[in-house]
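Peer 1: From the sequence below, what's the structure:
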Amino acid sequence: MTRPPSRRTVLGLAAAGAAALPQLTPWTATATATTAAPAAANASVSASPLPIPDSWRVHPFRLDQVSLDEGVFRAKRDLMLDYARAYPADRILAVFRANAGLDTKGATPPGGWETADGNLRGHYAGHFLTLVAQAYADTREPALHEKLRYLVSALGECQAALAASDDPPSHPGYLAAYPETQFVLLESYTTYPTIWAPYYTCHKIMRGLLDAHVLGGDEEALAIVSGMADWAHSRLSRLPREQLERMWGIYIAGEYGGMNEVLTDLYTLTGRPEHLATARLFDNTALLTACVENRDTLDGKHANQHIPQFSGYVRLYDETGDADYLTAARNFWGMVVGPRTYALGGTGQGEMFRARNAVAATLDADNAETCAAYNMLKLSRYLFLHDADPAYLDYYERALTNQILASRLDRPSTRDPQVTYFVGMGPGVRRGFGNTGTCCGGTGMENHTKYQETVFLRSADGEALYVNLYVAATLDWAEKGLLLAMESDFPHEGDRVLTVREGGGRLDLRLRVPHWATRGCTVTVNGVRQRLDARPGTYVSLRRTWRRGDVVRVRTPYPLRVEATPDDPTVQALFHGPVLLVARDAATELVEHSLYPRLALDGDLAAVVRPAGAPGHFTLDGRTLAPFHIGDEAPYHAYFRRSEPVIAFRAADSGVPNRAAPDGTTYLDRLWSRAPFRDRPAFLRAARAVADEWRAAGRLDTAERAAVLAAAERADLAA
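Peer 2: Numbers count the residues shown, from 1 in each chain. Below is the predicted model of the structure:
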């Protein structure tokens, strides 16, 4: 079956050819231009954060309550802040003004898919609104607020002009950078690329406007987005369910992003039942039902077309109580994280989900679309807010630290967001940065201005504080009068020091122990070591009355470790704690490494993988290994091939093949999984036990078993 062209492919071809609050005044189908415009301009709804659902066990802090301190994350954020400050608002608005028949002020559209005749034009403006809203919420810079106000006001003018035009849309709430044609064509099942995802584009604009209200305090933005929701309701509520189902199933053309999520969020502010009803019109029932039943039907589906639907389902559960929505989201997450996740936390090949556990088989230059990682992080966060399951944060840390942090070039630019689209996992690939006007350019702008949103979270009753990510940041929990600063060199190794700068009181401090923390986690309070059951993949709890000046120190040494792919255990990735290490190598075939025959009794890969000069860098067999979060354009290998064909130990080769069990686990895998060994006798006992297991399974004969044990006796295993 021929794979459908990705939107990036189409872009390349095109480039080659073209060098709970008071209700708002409702929008009605009979409203005129003269009544529509004042509704936007005079909206009197006060801006406020979205109401927190009763179903959330864990609550977030506002962006302005957590500030990033010096470190890698802040440096990446600052690059994007400079872009947000400098990029001309009129260029963002050009396609809207042109469509509304207004003066474009001589500005040209951004480019990429955001062109005068692009079928996705307008989407980038939505992302840019969110970028500026997040940047303002973080920094409180007046100039950013002024820019946000200018963008919203101009979009309100465009909405009013469209409603007053000689050829008005079907409803005066309509706002887009193109006529309603794409929506009309979708209703007759027109396919991509004749039309591109019109409701996806609608979602981006609505989300940006809602963020302008919630984060930026813009009242007019809420009026505009409410009008857009009324337009969507008027258009979709007249269609039969069968037609909607078919529309949402069309590749890309039926992609609707997070329409169900943004409409549900809007409903919590307006209380308008039609807004919630419209959100439910986006139910993609076939996939939703399959995920409720935990049937994996993802193979061949467009990844980012479907991931954001499940964040919307979580929000629909919050507001409707329909448990199937939440069940589906949990099951969907399990179908992606693990079975379809690459080492960096991303998913998909060429924008598509592939078969379950097809990881090694799909390594190429077009893996891990950055939009998909953005949306998997959002879904993981929503699920954690419901369940407080640390597995969601283990994934979150992986994807944020590796894919998202790696997705911004470490070089200033105020003309281009300099972010990735695909992030290849094949041998010798390079990251491509840029993406003005693309979907990943849009989510990429957002990614780097909200790093702090999950560092700290709190329990619903306010009695516990979750420390989830050990990123240098300061929490201002004004309701408790608590100012808590975390010093950290994360993602580099080192101690994490939390200091109570102001306030205190009774509080349960819950510290996350990452899944990779196999070398232990030590916690001290004011220099006194705490007796805690700090198992990897859990939280430890410090319940006490805190006082100003209290210091908590968390030590979690980074292990060097490998992770095998599920479909080929010989294809592996190397990590230093949470950090994916990539080999600096341009070779187009997987490089091979042998590790076990060089290990000492402790089984530590540090015997083979040696520190290099720069922080977090290592060498292995003469190749430099670098943290993947460094944003450069050098070729790399994220995976290597494990080559240990013979059972051998230090200075002792048995000559016996290193045969594998049906699950791909070899004799050496099984033996070294028991490390560290207390002493040589412990090692020999383990070698004998595994040899007996392999002999009983027919993977060793009597002579081979003896040869393996003789080699184990001869091995030089001193550290």
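Peer 1: List the buried residues of stretch 69-78.
Peer 2: Neighbour counts over stretch 69-78 (16 or more other Cβ atoms under 10 Å) mark 71-74, 76-77 as buried. Just so you know, the C-beta spots here come from the backbone N, C-alpha and C atoms, and that holds for glycine as well.
Peer 1: who's in contact with it?
Peer 2: 68, 138, 405, 408, 410, 448-449, 451-452, 471-474, 485-492, 629, 631 (Cβ atoms under 8 Å, 6 or more residues apart in numbering).
Peer 1: Quick one, which of those are buried?
Peer 2: The neighbour-count criterion (16+ other Cβ under 10 Å) marks 68, 138, 405, 408, 448-449, 451-452, 471-474, 485-492, 629, 631 among these as buried.
Peer 1: Now go through these and say which are in strands.
Peer 2: 68, 473-474, 485-487 (DSSP state E).
Peer 1: Would you mind putting the buried residues of stretch 69-78 into JSON lines with pLDDT, secondary structure and distance to Ala125 alongside?
Peer 2: Formatted as JSON lines, the buried residues of stretch 69-78 follow (pLDDT from 0 to 100; DSSP: H, G, I helix; E, B strand; the rest coil; distance: Cβ to Cβ, whole Å):
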{"residue": "Gly71", "pLDDT": "97", "secondary structure": "coil", "distance to Ala125": "31"}
{"residue": "Val72", "pLDDT": "97", "secondary structure": "helix", "distance to Ala125": "29"}
{"residue": "Phe73", "pLDDT": "98", "secondary structure": "helix", "distance to Ala125": "26"}
{"residue": "Arg74", "pLDDT": "98", "secondary structure": "helix", "distance to Ala125": "27"}
{"residue": "Lys76", "pLDDT": "98", "secondary structure": "helix", "distance to Ala125": "23"}
{"residue": "Arg77", "pLDDT": "98", "secondary structure": "helix", "distance to Ala125": "21"}
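Peer 1: Tell me the gap between the longest helix anywhere in the chain and the middle of its chain.
Peer 2: If you go by DSSP state H, the chain has its longest helix at helix 142-163. With Cα atoms, centre = their mean, to the nearest Å as the basis, helix 142-163 stands 29 Å off its chain's centre.
Peer 1: Which strands and helices lie in contact with it?
Peer 2: Judged by 3 or more Cβ pairs under 8 Å, 6 or more residues apart in numbering; DSSP states H and E, helix 142-163 is in contact with helix 33-41, helix 72-86, helix 89-99, helix 123-139, helix 198-214, helix 219-236.
Peer 1: Who are the packing partners of the last one?
Peer 2: Using 3+ Cβ pairs under 8 Å, 6+ apart as the contact criterion, the secondary-structure elements in contact with helix 219-236 are helix 33-41, helix 142-163, helix 198-214, helix 259-270, helix 273-280.
Peer 1: you'd agree Glu114 is up against Val95?
Peer 2: Yes: using Cβ atoms under 8 Å, Glu114 is in contact with Val95, at 6.6 Å.
Peer 1: what residues are shared contacts of the two?
Peer 2: 121-122, 125.
Peer 1: Which stretch among the helices and strands packed on helix 219-236 approaches Ser643 most closely?
Peer 2: helix 198-214 (44.6 Å; Cβ to Cβ).
Peer 1: picking up where we left off before, buried stuff in the longest helix of the chain?
Peer 2: 144-145, 147-149, 151-163.
Peer 1: Same question for stretch 660-680.
Peer 2: Quick answer for stretch 660-680 (16+ other Cβ under 10 Å): 660, 666-672, 675, 677.
Peer 1: ditto for stretch 586-602
Peer 2: So for stretch 586-602, counting by 16+ other Cβ under 10 Å, buried means 590-591, 593, 595-597, 599-601.
Peer 1: Show me how far that stretch is from its chain's centre.
Peer 2: 30 Å.
Peer 1: Dump that stretch to PDB, restricted to CA.
Peer 2: The C-alpha atoms that make up stretch 586-602 are tabulated as PDB, following Å, rounded to 0.1, in the frame of the first residue of the first chain:
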ATOM      1  CA  ALA A 586      27.900  10.000   9.900                       C
ATOM      2  CA  ALA A 587      27.900   6.300   9.100                       C
ATOM      3  CA  THR A 588      24.600   5.200   7.500                       C
ATOM      4  CA  GLU A 589      24.600   1.700   9.100                       C
ATOM      5  CA  LEU A 590      24.100   1.000  12.800                       C
ATOM      6  CA  VAL A 591      27.500   1.000  14.600                       C
ATOM      7  CA  GLU A 592      28.200  -2.200  16.600                       C
ATOM      8  CA  HIS A 593      29.400  -2.400  20.200                       C
ATOM      9  CA  SER A 594      30.200  -5.200  22.600                       C
ATOM     10  CA  LEU A 595      29.800  -4.300  26.200                       C
ATOM     11  CA  TYR A 596      29.400  -7.400  28.500                       C
ATOM     12  CA  PRO A 597      32.800  -9.000  27.900                       C
ATOM     13  CA  ARG A 598      34.400  -5.800  29.400                       C
ATOM     14  CA  LEU A 599      32.400  -5.500  32.600                       C
ATOM     15  CA  ALA A 600      33.700  -6.000  36.200                       C
ATOM     16  CA  LEU A 601      31.800  -7.500  39.100                       C
ATOM     17  CA  ASP A 602      29.700  -4.300  39.600                       C
END
